[in-house]
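J.: sequence? don't have it. structure:
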């Protein structure tokens, strides 16, 4: 028995935006979004069994190192949407960008990383065909998190 809790995952991430309606429109152009709920100056976007909380607040300076790693089924679609919207893609090997409120986003493809959803969650999200790359599976196997 340990005297520390084990991290299981993230339930949600909260980010600050200048205007909820503008944020919903912006993110709705990048991702298929479904609202989990609304409150005064807040909106909650479903991400399967997790969610993203948008909180209306003061605009702060853009983040340089802090960022949100968002997992998607197809990163190429997000890249195309960002280009169509005229959003600058930050230099580097991945797909990073700043939203209009200075939040730094890093978009990663589900197939390429360890992050894994249970089959019933993927099915419920309409994503039952998503597969992992061999590299991602190897990382999972090395941690005892995937079948040999």
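T.: That came in fine, so what should we check first? Note that the structure is a prediction, hence the values are computed from the model and not measured.

J.: Give the buried residues for stretch 13-29.
T.: Neighbour-count burial for stretch 13-29 flags 15, 16, 17, 20, 23, 24, 26, 27 (criterion: 16 or more other Cβ atoms under 10 Å). C-betas here are computed from N, CA, C, even on glycine.

J.: I'd like those laid out as TSV, including distance to residue 131, pLDDT and secondary structure.
T.: TSV is the format used below for those (distance: Cβ to Cβ, whole Å; pLDDT from 0 to 100; DSSP: H, G, I helix; E, B strand; the rest coil):
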residue	distance to residue 131	pLDDT	secondary structure
15	29	93	strand
16	35	93	strand
17	33	94	strand
20	35	95	helix
23	32	96	helix
24	31	97	helix
26	30	97	helix
27	26	97	helix
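
J.: Tell me the one among the residues you listed nearest to residue 42.
T.: Using Cβ to Cβ, residue 20 comes nearest to residue 42 of the buried residues of stretch 13-29, at 7.2 Å.

J.: just checking, the closest one touches residue 39?
T.: No: Residue 20 lies out of contact with residue 39 (Cβ atoms under 8 Å); the separation is 9.5 Å.

J.: and for stretch 77-89, what are the contacting residues?
T.: With contacts defined as Cβ atoms under 8 Å, 6 or more residues apart in numbering, stretch 77-89 is touched by 26, 29, 30, 31, 72, 95, 96, 97, 98, 99, 107.

J.: Which of those residues fall within helices?
T.: Secondary structure from DSSP state H places 26, 29, 30 of these in helices.

J.: State the pLDDT value of the nearest residue to residue 119 once chain neighbours are set aside.
T.: Leaving out its chain neighbours, the residue that sits closest to residue 119 by Cβ to Cβ, 6 or more residues apart in numbering is residue 128, at 7.1 Å. On the pLDDT scale, residue 128 is placed at 89.

J.: Residue 128 and residue 52, how far apart?
T.: Counting by Cβ to Cβ, to the nearest Å, the gap from residue 128 to residue 52 is 22 Å.
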